[in-house]
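Give the three-dimensional model of this entry:
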Amino acid sequence: MTDLSHPPVPGALPDKRQVAASFSRAAASYDSVAELQRAVGHELLSRLPATLAPPRWLDMGCGTGYFSRVLTERLPASQGVALDIAEGMLKHARPLGGAEHFIAGDAERLPLQANSCGLIFSSLAVQWCAHFEAVLSEARRVLQPGGVLAFASLCVGTLDELRESWRAADGMVHVNRFRPFEVYQQLCANSGLRVVSLERQPHRLYYPDVRSLTHELKALGAHNLNPGRPGGLTGRARIVALIDAYEQFRQAQGLPATYQVVYAVLEKPL
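The predicted structure follows:
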């Protein structure tokens, strides 16, 4: 039974230095394969209150700055701050504009003043934070009264087809682990922020073959970052076993990869 009062056990999530390095390396290739990120981020945008007009917004985990640029178009009267832990992503984003400030920083220790933002927007970033309660605490500190935290994340059930196929192939950890949805529910309920909405939705992509999926995960910087992952090269026999196992999931559209996406909108009380 999951202990909802605590974050995942130490070692269950990747070291954030590895996360930063992996996403920095992926900056140049990221946008070319970011179909999931685009779809999820636009869905999250659609959930923002229609009357929201913050004097300043924060794109937390901005990546290549795609949604910073979207937020600037949507909120032209607001000042934008784009933050990411990966310097490589910021170097890619800065020349493209979209925010007044681009800052290297950690969502668990935001380098921003209290009550300084009317909106914190974060799409597919906080799943890499080992201490999500710290993320929520920092969001509450930085938000102005009445301000909104809108985040999209991933939870247990993500990439289960790939996880099960690797388990059949060699029984080792090859797929990133994510929090249970119930942990998001409990931590948000205990955050001191008002939960406007919080739900889980599956998002499924299809690929012609396993190589296309694993290539995309690497190009996104989101390949296996877990402690306990196998070291060294993956042998040809294991790759063949992986392909054979994954083929059991094939549908008419191709090989499915299912992401369990958490969408949340929280508000700081007045």
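
all contacts plus neighbour counts: C-alpha atoms, from now on.
OK.

does residue 44 really touch residue 152, like I thought?
Yes: in this structure residue 44 lies within contact range of residue 152 using C-alpha atoms under 8 Å: 6.6 Å.

Between those two, which has more neighbouring residues?
Remark: of residue 44 and residue 152, residue 152 carries more neighbours, 25 against 20, as counted by other C-alpha atoms under 10 Å.

Could you export the helix or strand hosting the more buried one as CSV, CA atoms only?
Residue 152 is part of strand 143-154, with elements assigned from DSSP states H and E. Output of strand 143-154 as CSV, limited to C-alpha atoms (Å, rounded to 0.1, in the frame of the first residue of the first chain):
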residue,chain,number,x,y,z
LEU,A,143,2.1,33.3,-6.1
GLN,A,144,0.2,36.5,-5.3
PRO,A,145,-3.1,36.0,-3.4
GLY,A,146,-5.6,34.8,-6.0
GLY,A,147,-2.8,33.6,-8.3
VAL,A,148,-3.0,30.3,-10.1
LEU,A,149,-0.7,27.3,-10.4
ALA,A,150,-1.4,25.3,-13.5
PHE,A,151,0.6,22.1,-14.0
ALA,A,152,0.7,19.0,-16.2
SER,A,153,2.7,16.0,-15.0
LEU,A,154,3.0,12.3,-15.5
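
Within its sheet, name the partner strands of that strand and how each one runs.
Paired with strand 143-154 in the same sheet, following DSSP bridges, are strand 117-123 (parallel), strand 255-267 (antiparallel).

Please tabulate the ones you listed in CSV, including the columns mean pLDDT.
Formatted as CSV, those follow (pLDDT from 0 to 100):
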stretch, mean pLDDT
strand 117-123, 98
strand 255-267, 96
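
Contact partners for the nearest residue to residue 108 once chain neighbours are set aside?
Setting aside the residues directly before and after it, residue 108 is nearest to residue 135 in space (C-alpha to C-alpha, 6 or more residues apart in numbering), at 4.6 Å. Residues in contact with residue 135 (C-alpha atoms under 8 Å, 6 or more residues apart in numbering) are 107, 108, 109, 126, 129.

Ok, which of the strands paired with strand 143-154 comes nearest residue 36?
strand 255-267 (8.8 Å; C-alpha to C-alpha).

Among the contacts of residue 135, name the buried ones.
Buried residues within these, counting neighbours by 16 or more other C-alpha atoms under 10 Å: 107, 108, 126, 129.

re earlier: what about the residue nearest to residue 108, distance to residue 84?
13 Å (C-alpha to C-alpha, to the nearest Å).

my read: residue 55 touches residue 118, true?
Yes: contact criterion C-alpha under 8 Å: residue 55 and residue 118 qualify, at 6.3 Å.

For these two, indicate the residue with more neighbours.
Taking neighbours as other C-alpha under 10 Å, residue 55 and residue 118 compare with residue 118 leading, 24 against 16.
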